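Peer 1: 3D, please:
(one chain, ligands or ions: 1)
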Amino acid sequence: MMSERNYKSELVGVFGCPVAENPTIVMQEAAFKALNLNFRYLTIEVRPQDLETAIKGILACNFKGINLTIPHKVEVLKYLDVIADDAKLMGAVNTIYVKNGSLYGENTDGKGFLMSLRNEANVEPKHKKVVVLGAGGAARAITVELALAGAEHITIVNRDEKRGQELVALLNSNTDCTAKYASWHETFSIPEGTDVLVNATSIGLYPNVSSKADIDYDTIKPGMTVCDVIPNPPSTLFLEEAKKRGAKTLDGLGMLVNQGAIGFKIWTGMEAPVEVMKNALRQEFGIK
Ligand code: NDP
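Peer 2: Numbers count the residues shown, from 1 in each chain. Model (predicted):
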């Protein structure tokens, strides 16, 4: 007897430019396969001038949703029907989903970080004192989520003062957290009493694996949780130095997988097989 035929898949994917090296397809397709879901994740090059047309295409082609990466995360806001409050604060959306013909925007980057912090490091952000290196997209997403989750104080350490101060002002005027800026023109010492330290810069990203953030590593104490956003390689020099000082560490691969797992659940309605996704990326990056 013939089984019922269905040649149509549910579609999701990513819009970016350049996008060819974005590895998200590897973890999402591994997750679909593991749960036997008839979904496809497509890596789609969309030039900046074509974003509006491409967004209309999400509805026209019945996509379940789409990820946004460079350079579309900010520009996309004006084409969406509903934007989540945290994404509105960050001014950036990395995940769209379609509900009743409307386009909803979310940002899962910072949420993925919080999920790692809570589930892997067992740290609850409430009342914590945090130091974040960097003030770019990753730092914005992470600090907004930390502040909304009740972090008490956040110090933003950044070379470019304007960018750092803008993030501090955003946090101070929209959340109950107190934030302050610290300049980064010489080796930075981590203040005593810091609970969580995050490298949210691009320092250490493959292939620049021998660079590490300019901080006094001896000011990292055993009680601190030290996190890196760099997914590849997950074991950065920054984290190695922190481990040597007895700190608990969290790598950026976990954050990457968790933000993808949140997107997976939004699109499919199912819990993501996080370990399957992480292993797929480990294999892709050639990590043992
Ligand atoms: P941006 O370009 O928006 O910001 C980069 C930040 O890094 C800026 O604050 C910049 O400082 C700082 N920076 C870069 N080089 C140096 C340096 N040599 N010394 C001091 N500061 C430096 O990038 P994103 O925030 O979007 O991304 C940052 C990293 O986060 C990337 O490596 C990306 O792979 C990673 N990421 C990881 C995710 C995950 O899920 N694991 C999710 C999103 C991003 P300045 O302002 O002074 O130039």
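Peer 1: Please report the distance of residue 9 from the ligand.
Peer 2: 26 Å (Cβ to the nearest ligand atom, to the nearest Å). Yep, even glycine has a C-beta here, placed from its N, CA and C like the rest.
Peer 1: what residues are up against that residue?
Peer 2: Contacts for residue 9 (Cβ atoms under 8 Å, 6 or more residues apart in numbering) come out as 38-40.
Peer 1: between these, which is closest to residue 102?
Peer 2: Comparing the contacts of residue 9 against residue 102 with Cβ to Cβ places residue 39 closest, at 20.5 Å.
Peer 1: Contacts only, for the residue in the chain positioned nearest to the ligand.
Peer 2: Residue of the chain nearest the ligand, by Cβ to the nearest ligand atom: residue 136 (1.9 Å). Going by Cβ under 8 Å, 6+ apart, residue 136 touches 163, 200-202.
Peer 1: quick one, phi psi at it?
Peer 2: phi -90, psi -160 (degrees, to the nearest 10).
Peer 1: Make 642 the starting number, not 1.
Peer 2: All set: I'll call the first residue 642, so the last point we hit is now residue 777.
Peer 1: what packs against the longest helix belonging to the chain?
Peer 2: In the chain, taking DSSP state H as the definition, the longest helix is helix 893-909. Applying 3 or more Cβ pairs under 8 Å, 6 or more residues apart in numbering; DSSP states H and E, one finds that helix 893-909 contacts helix 665-675, strand 706-709, strand 736-740, helix 750-760, strand 866-869, helix 915-926.
Peer 1: Of those, which is nearest residue 903?
Peer 2: helix 750-760 (5.4 Å).
Peer 1: tell me the mean pLDDT for that closest one?
Peer 2: Helix 750-760 carries an average pLDDT of 96.
Peer 1: which of the contacts of residue 650 count as buried?
Peer 2: residue 680 (16 or more other Cβ atoms under 10 Å).
Peer 1: Same list, the contacts of residue 650, but as a markdown table with secondary structure and distance to the ligand please.
Peer 2: As requested, those are exported to a markdown table (DSSP: H, G, I helix; E, B strand; the rest coil; distance: Cβ to the nearest ligand atom, whole Å):
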| residue | secondary structure | distance to the ligand |
| --- | --- | --- |
| 679 | coil | 27 |
| 680 | strand | 21 |
| 681 | strand | 22 |
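Peer 1: Can you pull the residues of the stretch 742-891 of the chain lying near the ligand?
Peer 2: With Cβ under 6 Å from any ligand atom as the criterion, the stretch 742-891 of the chain meets the ligand at residues 750, 753, 775-780, 799-801, 804, 842-844, 846, 870-872.
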